[in-house]
Every structure is written in structure tokens, then in C-alpha cells.
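Asks: A predicted structure for the sequence below; I have some questions about it.
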Amino acid sequence: MNHLLLSPLSWLAFAALVLAIFNSRLPPRWRRCFQAVIVVSALLCTPVCANALLKLAERGATASRCGTANHGWPIVLLSAGFDHPPESNDDVAALAIDSLERLQAARDQARREPSAIMFVSGGGPYRIAEATVIAGALERFGLAPARLRVETHSMTTWDNAFNLRNDVRQAQLVTSPEHMPRAVIAFRAAGIDVCAAPAPSSAAPMDGVGYFVPGRTALAKSELALHELAGRIAYAWRASRVHAASSRS
């Protein structure tokens with residue numbers, strides 16, 4: 001449902017439908033409003049606007065990048081879902097592209113931090129948990145099983161943070177850059193001090209005329225960015241309630 005509500009394509013279709021049915025009966029001000037929605041929605045389906053929006057969502061992702069002061073902190077890798085149901089614990093091909101990019105970033109971070117324990121967190125809607133598949137891939141990449149901890153019950157980023165708060169007090173957080181600000185809010189609300197070790201950005205540089213042509217990839221980026229920006233607002237509100245409750249107790 002959130003996917004539909006935060007999709008520029010949904011906004012465009014709704015505004016176009018309203019104008020098609022009620023155009024002659026709408027006051028001029030409302031007619032211009034719906035026309036503006038169509039224009040903005042169409043622009044958000046172009047790479048130039050989608051990548052700009054994604055960069056906005058990524059702002060702040062490296063504000064507290066991990067450094068020497070965070071050496072030895074546990075690494076926490078957040079999963080990002082499957083593209084299709086996994087057939088086995090080894091079915092890495094089922095992982096969504098964001099999960100694969102985060103996996104690679106976590107592997108690189110583990111190589112830089114050879115003494116750090118890694119927590120992989122993520123459940124999912126299927127019988128096999130996301131974290132199970134990712135942890136298996138990390139083992140095959142050479143990460144020692146003794147360094148791995150798996151949390152398989154989380155369904156949201158908020159769950160990730162609060163399900164780990166009894167095991168982790170400080171963490172090097174690995175997730176996608178557009179997701180990092182929201183994840184930091186959740187982990188700090190759970191009382192976990194974090195630094196950022198984000199995966200590479202998926203925002204693309206301007207490259208020719210095609211950058212201004214609407215496309216499916218651009219639409220997906222806009223939907224992702226809008227989801228994260230809206231989620232950040234929701235998580236900031238939830239975190240404020242947690243802090244208020246803590247101050248009263």
C-alpha cells in the first residue's frame with residue numbers, strides 16, 4: 001500500500017483520472033493543482049529528477065562515517081529483501097540488488113576490521129530468512145563463522161534496531177546510503193551508538209539526452225527516495241516518543 005501511495009506514477013494516474021472525469025466542473029485553482037501534479041509526477045519519472053531526489057535522501061548518510069575511533073565495534077548489516085522466494089539457504093540469486101550491494105559493503109568492512117563481530121539482521125516474509133542467506137554468502141566469501149551472528153525475526157528497520165539492543169551497544173552500521181539516515185534514527189532510539197559504513201550510492205551521473213527521458217529505473221529510484229524521506233519523518237516521530245517516555249521514567 002505504501003508503495004502505491006508514494007509512487008509518482010500513482011499520483012500521475014490519479015490526477016489524470018480526476019481531470020478526465022471532472023475537468024469541466026473543477027474550479028480553475030484545483031484544475032491547475034492537478035495539472036501541476038501531473039507535471040511533477042512525470043518529471044520524477046526522469047533520471048535527472050529521480051537521481052536528484054535520491055541524492056537528497058542520501059544526504060547525511062556519511063555524517064558520522066566510521067573511522068579509527070570506531071575500530072573494533074561490531075558490524076551490523078541490515079538486509080534489504082528478496083526479489084523472489086529463496087529456494088534454499090544458499091540462494092543468493094534471490095536477494096534484491098540492495099541486499100547484494102549491502103552484502104558487498106559489509107564484506108569490505110569486515111576485511112578492514114578483522115577483529116569485529118558481524119551481526120546480520122533481517123527476517124522477511126518467506127520460510128528462509130534474509131539474514132540466513134546473507135550470512136551463508138559471507139561465510140562462502142571467507143568470513144569465519146565464529147565472527148557471525150544472525151538475527152532473523154526483524155521485519156522493519158525499527159525491528160532491526162530494537163531486536164539487537166540487548167546484544168549491541170555500539171555498531172558500525174552497513175546499509176544503503178539512502179536508508180542510512182532512517183536506520184541511524186532507529187538505532188539511536190534503541191540506545192545503540194552507531195557510525196555509518198554505507199554501501200555505494202546508486203545515484204547515476206548525468207549522461208546524455210536519455211537522462212531527461214522517463215523510464216522504469218528512474219521511477220523506481222523516485223519511489224525508493226520518497227519511501228525513505230517519508231520513513232525518516234515517521235521514525236523521527238517514533239524516536240521522539242521513545243525519548244519522551246525515557247525521560248519520564
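Replies: Now that the structure is in, tell me what you want to look at.
Asks: Grab the most central residue of the chain for me.
Replies: residue 179 (3.4 Å; CA atoms, centre = their mean).
Asks: so that residue touches residue 225, yeah?
Replies: No - between residue 179 and residue 225 there is no contact, the gap being 10.4 Å when judged by CB atoms under 8 Å. Glycine gets a C-beta too; all of them are placed from N, C-alpha and C.
Asks: Quick one: end-to-end length of stretch 118-129, please.
Replies: The separation between the terminal residues of stretch 118-129, taken as CA to CA, to the nearest Å, is 17 Å.
Asks: all helices for this protein, in order.
Replies: Using DSSP state H, the helices of the chain run over 2-5, 8-22, 28-43, 47-58, 97-112, 130-140, 157-164, 180-189, 216-248.
Asks: so what's the residue nearest to the centre of the chain closest to, chain neighbours aside?
Replies: In space, and not counting its chain neighbours, residue 179 is closest to residue 228: 6.0 Å by CB to CB, 6 or more residues apart in numbering.
Asks: In JSON lines: the helices of the chain, plus mean neighbour count.
Replies: Compiled in JSON lines, the helices of the chain are given as follows (neighbours: other CB atoms under 10 Å):
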{"stretch": "helix 2-5", "mean neighbour count": "11"}
{"stretch": "helix 8-22", "mean neighbour count": "16"}
{"stretch": "helix 28-43", "mean neighbour count": "14"}
{"stretch": "helix 47-58", "mean neighbour count": "21"}
{"stretch": "helix 97-112", "mean neighbour count": "19"}
{"stretch": "helix 130-140", "mean neighbour count": "22"}
{"stretch": "helix 157-164", "mean neighbour count": "22"}
{"stretch": "helix 180-189", "mean neighbour count": "23"}
{"stretch": "helix 216-248", "mean neighbour count": "16"}
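Asks: Quick one: closest of the ones you listed to residue 209.
Replies: Put simply, out of the helices of the chain the one that sits nearest residue 209 is helix 47-58, at 10.5 Å, with distance taken as CB to CB.
Asks: what residues does the closest one touch?
Replies: By CB atoms under 8 Å, 6 or more residues apart in numbering, the list of residues contacting helix 47-58 from outside reads 43-44, 177-178, 180-181, 201-204, 206, 210-213, 215, 217-219, 221-222, 224-226, 228-229.
Asks: wait, doesn't residue 152 sit right on residue 126?
Replies: No - between residue 152 and residue 126 no contact is recorded; they are 11.0 Å apart, counting by CB under 8 Å.
Asks: for residue 90, what are its contacts?
Replies: 133, 136-137, 140.
Asks: Residue 137 too?
Replies: The contact partners of residue 137, taken as CB under 8 Å, 6+ apart, are 90, 92, 95, 103.
Asks: Among these, which one lies nearest to residue 28?
Replies: Where those are concerned, and distances follow CB to CB, residue 28 has its nearest neighbour in residue 95, at 50.3 Å.
Asks: Is the closest one bridged to anything, and to what?
Replies: Taking DSSP bridges, one obtains residue 82 as the residues bridged to residue 95.
Asks: okay, now residue 87: neighbour count?
Replies: 10 (other CB atoms under 10 Å).
Asks: Mind pulling up the pLDDT for it?
Replies: Model confidence at residue 87, expressed as pLDDT, equals 96.
Asks: before we move on, what about residue 216?
Replies: 93.
Asks: gap between it and residue 50?
Replies: When distance is defined by CB to CB, to the nearest Å, residue 216 is 11 Å away from residue 50.
Asks: cool, residue 56 as well?
Replies: From residue 56 across to residue 50, the span is 11 Å (CB to CB).
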